[in-house]
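Student: pasted the sequence and its predicted model underneath.
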Amino acid sequence: MNSLLPIVAPSGGTWPFSGNKTLHLLPFFFTPRIKIPKSRTNTFLRVDSSSSSPATLRDVCNGRVPDHILQKAEEAGFTIPTDVQAKSLPILLSQRDCILHAQTGSGKTLAYLLSIFSAVNFQSSAVQALIVVPTRELGIQVTKVARKLAAKSGGLDTVQKTCTVMALLDGGMLKRHKSWLKAEPPAIVVATIGSLYKMLEKRIFKLEALKVLVIDEVDFMFYSSKQVHSLRKLLTSYSTIKTRQTIFASASIPQHNHFLSECIQQKWTKSDAVHIHVNPVTPLPSNFKHNFLISKKCQRLHTLLSILHKNKPRSAIIFVGDQSERSKRAGETPSTTLVVEFLKSNYKQGLEILLLEEDMNFNARVNSLLEVRQRCCILVATDIAGRGVDLPETSHIYNFDLPKTAIEYLHRSGRTGRKPFSDEIYTVTSLITQDERFVLQKFENELMFQCEEQEEEIE
Ligand SMILES: Nc1ncnc2c1ncn2[C@@H]1O[C@H](COP(=O)(O)OP(=O)(O)OP(=O)(O)O)[C@@H](O)[C@H]1O
């Protein structure tokens, strides 16, 4: 039987394991400092933050990343490695397969991008690195960072080719991409699995020269059985583990020991793949303050307004649940629209109110994201903005509707606190009914944080 089960929250979660296979016990090394075992057995590397980090990003790259890429990284302000970069880069740059498991906002993107830039041959016209992401929004963001690093700099030898980066994302101009892929394949492709799979099926391009494959937000990618099918084909048929480095990244990898074992058994990774787990004890950053307010559903908009006026966020994201099919059929106005309209008429503290949700067309989504990046604002969003989206000025997160799982709570919260070396306190506030207190408590237990009750101030 080939079971393709969706994953769920860590307690009782299941990966799309293949049927009744017995999973063998894996060796477990607790190493405060990274030490790569010479054996070819798979390994967990749990890394706490207390071990010393190299002084600079350059030190940790140890001559393995081209100088002009590092220069660009430094110009972008990436001079000191974050914890995850300091711990993972020695392993990533040795081309070893790895599961990169670290808190939201910890800098996993730069870590895997530097590994890619160390592996690709800038002179060769072939797709050599592929980054698969779950949403168009995250794809646009990763492409932007990769292009920033790959951009031509003054000191670059004019004969030296720059490294081209293509975004192959759902809703994009795929016709134009087809010609580009055929005429001069880019070195790096950032893709959503849907668009990528179509192109691979039609043999528009091949992955024969693939050196690095990254699956970002890997737990999310395995949510739907349709995606699982495409991912399996990508991992086992369209490219081969022998010649590529495989990197899985996420802030949440439920049942990670089983997942690593499964990766090896399914031949998604080589047998010496490593699980790098930074900050394994605390899934959420410690400078987050978690609050809740008890409010009846019918009063929630007013409660939200009063807490916004009290908090005066620099920039905020308000997460609203998806509209149910039943509510759509009944022709009801979605909660996102209700929140946006209410705030536009009543919120008077100068921040613009913007919307980001699945039902918007792709161009409107791109424009919304562009605007959010350009200035501080209040973004009303569904969980489409819950994964990977990086808006460093976001000081406050509000759960207008409680997320369905602890993992969603973790990723929504992680849209704030995205300045790795800042000691600012970031706030996550959930508006809940009395009955939902139990659900929030469950999240607190699973993610090991404490939530404090706030009193609503009557305006
Ligand atoms: N070495 C560094 N120095 C300063 N800032 C950094 C460094 N590395 C990354 N950042 C910044 O940290 C922020 C978070 O990085 P990134 O988006 O890679 O996080 P992440 O670990 O992928 O988070 P998530 O799991 O939420 O996707 C970004 O704004 C990025 O520019």
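Tutor: Yep, that arrived. Numbering: from 1, shown residues only.

Student: next to the ligand, which bits of the stretch 1-150 of the chain? Give me the list.
Tutor: 57, 77-78, 80-82, 85, 104-110 (C-beta under 6 Å from any ligand atom). All C-beta atoms are positioned from the backbone trio N, CA, C, and that covers glycine.

Student: mind checking which of these land in helices?
Tutor: Of those, the ones assigned to helices by DSSP state H are L57, Q85, K108, T109, L110.

Student: any of the residues of the stretch 1-150 of the chain next to the ligand buried? List them.
Tutor: The neighbour count (16 or more other C-beta atoms under 10 Å) marks 57, 78, 80-82, 85, 104-110 as buried among these.

Student: out of these, who's nearest K296?
Tutor: T104 (31.0 Å; C-beta to C-beta).

Student: OK, contacts around that closest one?
Tutor: A251, L284, P285, L410, H411, S413, G414, R415, G417, R418 (C-beta atoms under 8 Å, 6 or more residues apart in numbering).

Student: how about these in TSV, adding secondary structure, neighbour count and distance to S195?
Tutor: Converted to TSV, the contacts of T104 look like this (DSSP: H, G, I helix; E, B strand; the rest coil; neighbours: other C-beta atoms under 10 Å; distance: C-beta to C-beta, whole Å):
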residue	secondary structure	neighbour count	distance to S195
A251	coil	26	24
L284	coil	20	32
P285	coil	20	33
L410	helix	23	27
H411	helix	25	23
S413	helix	29	29
G414	coil	27	26
R415	coil	26	25
G417	coil	26	31
R418	coil	19	27
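
Student: for the residues you listed, give me TSV that also has pLDDT and distance to C376.
Tutor: Shown next, in TSV, are those (pLDDT from 0 to 100; distance: C-beta to C-beta, whole Å):
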residue	pLDDT	distance to C376
A251	95	24
L284	94	23
P285	93	21
L410	97	24
H411	96	21
S413	97	19
G414	96	19
R415	96	14
G417	95	16
R418	94	14
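
Student: keep only these that also lie close to the ligand.
Tutor: Near the ligand, by the rule C-beta under 6 Å from any ligand atom, you find A251, G414, R418 out of the contacts of T104.

Student: pipe those into a markdown table and attach distance to P313 per row.
Tutor: Below are the ones next to the ligand among the contacts of T104 laid out as a markdown table (distance: C-beta to C-beta, whole Å):
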| residue | distance to P313 |
| --- | --- |
| A251 | 22 |
| G414 | 16 |
| R418 | 14 |
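
Student: tell me which residues touch L231, please.
Tutor: V132, I193, I215, M221, F222.

Student: which of the buried ones among the residues of the stretch 1-150 of the chain next to the ligand sits closest to T336?
Tutor: T104 (22.6 Å).

Student: quick one: that closest one and P285, what's the gap?
Tutor: To P285, T104 is 7 Å away according to C-beta to C-beta, to the nearest Å.

Student: okay, which residue is most central for this structure?
Tutor: The chain has G388 as the residue nearest its centroid, 3.3 Å off, counting by C-alpha atoms, centre = their mean.

Student: min pLDDT across the contacts of L231, which one?
Tutor: The member of the contacts of L231 with the lowest pLDDT is F222, and it reads 80.

Student: show me the shaky parts of the stretch 351-459 of the chain.
Tutor: Low-confidence segments of the stretch 351-459 of the chain, defined by pLDDT under 70: 457-459.

Student: now do the helices in it.
Tutor: Along the stretch 351-459 of the chain, the stretches classed as helices by DSSP state H, counting those that start in this stretch are 362-374, 406-413, 437-447.

Student: export the buried ones among the residues of the stretch 1-150 of the chain next to the ligand to a markdown table and tack on distance to T433 and pLDDT?
Tutor: What follows is those, written out as a markdown table (distance: C-beta to C-beta, whole Å; pLDDT from 0 to 100):
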| residue | distance to T433 | pLDDT |
| --- | --- | --- |
| L57 | 47 | 96 |
| F78 | 43 | 97 |
| I80 | 44 | 96 |
| P81 | 44 | 96 |
| T82 | 38 | 95 |
| Q85 | 41 | 96 |
| T104 | 27 | 95 |
| G105 | 30 | 95 |
| S106 | 33 | 95 |
| G107 | 37 | 96 |
| K108 | 35 | 97 |
| T109 | 37 | 98 |
| L110 | 41 | 98 |
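
Student: now the two most distant members of these.
Tutor: L57 and T104 (20.3 Å).

Student: before we move on, the earlier item: now the closest residue to the residue nearest to the centre of the chain other than its chain neighbours, what's its secondary structure?
Tutor: Spatial nearest neighbour of G388, chain neighbours left out: L138 (3.8 Å); criterion: C-beta to C-beta, 6 or more residues apart in numbering. Under DSSP: H, G, I helix; E, B strand; the rest coil, L138 falls in the helix class.

Student: number of nearby residues for L138?
Tutor: Number of residues near L138 (other C-beta atoms under 10 Å) recorded here: 24.

Student: might one say that it is in contact with R387?
Tutor: Yes: contact status for L138 versus R387: in contact at 6.2 Å, counting by C-beta atoms under 8 Å.

Student: right, and V439 touches P403 too?
Tutor: No: at 9.3 Å, V439 and P403 do not qualify as touching, with contact defined as C-beta under 8 Å.

Student: name the residue in those two with the higher neighbour count.
Tutor: Applying other C-beta under 10 Å to V439 and P403 shows that P403 carries more neighbours, namely 21 against 18.

Student: can you give me the strands in the stretch 251-400 of the chain?
Tutor: 274-278, 288-294, 316-319, 352-356, 377-381, 396-399 (DSSP state E, counting those that start in this stretch).

Student: no wait, the stretch 51-200 of the chain
Tutor: 98-101, 129-133, 165-168, 188-192.

Student: is the last one in proximity to the ligand?
Tutor: No: among the residues of strand 188-192, none lie within reach of the ligand under C-beta under 6 Å from any ligand atom; the closest is 13.4 Å away.

Student: using PDB, write down the CA coordinates of that strand.
Tutor: Extracted in PDB, the C-alpha atoms of strand 188-192 (Å, rounded to 0.1, in the frame of the first residue of the first chain):
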ATOM      1  CA  ILE A 188      19.100  28.700 -10.300                       C
ATOM      2  CA  VAL A 189      15.300  28.200 -10.500                       C
ATOM      3  CA  VAL A 190      13.000  29.100  -7.700                       C
ATOM      4  CA  ALA A 191       9.700  27.300  -8.200                       C
ATOM      5  CA  THR A 192       6.300  26.400  -6.800                       C
END
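
Student: I'm done for today, thanks for sticking with me.
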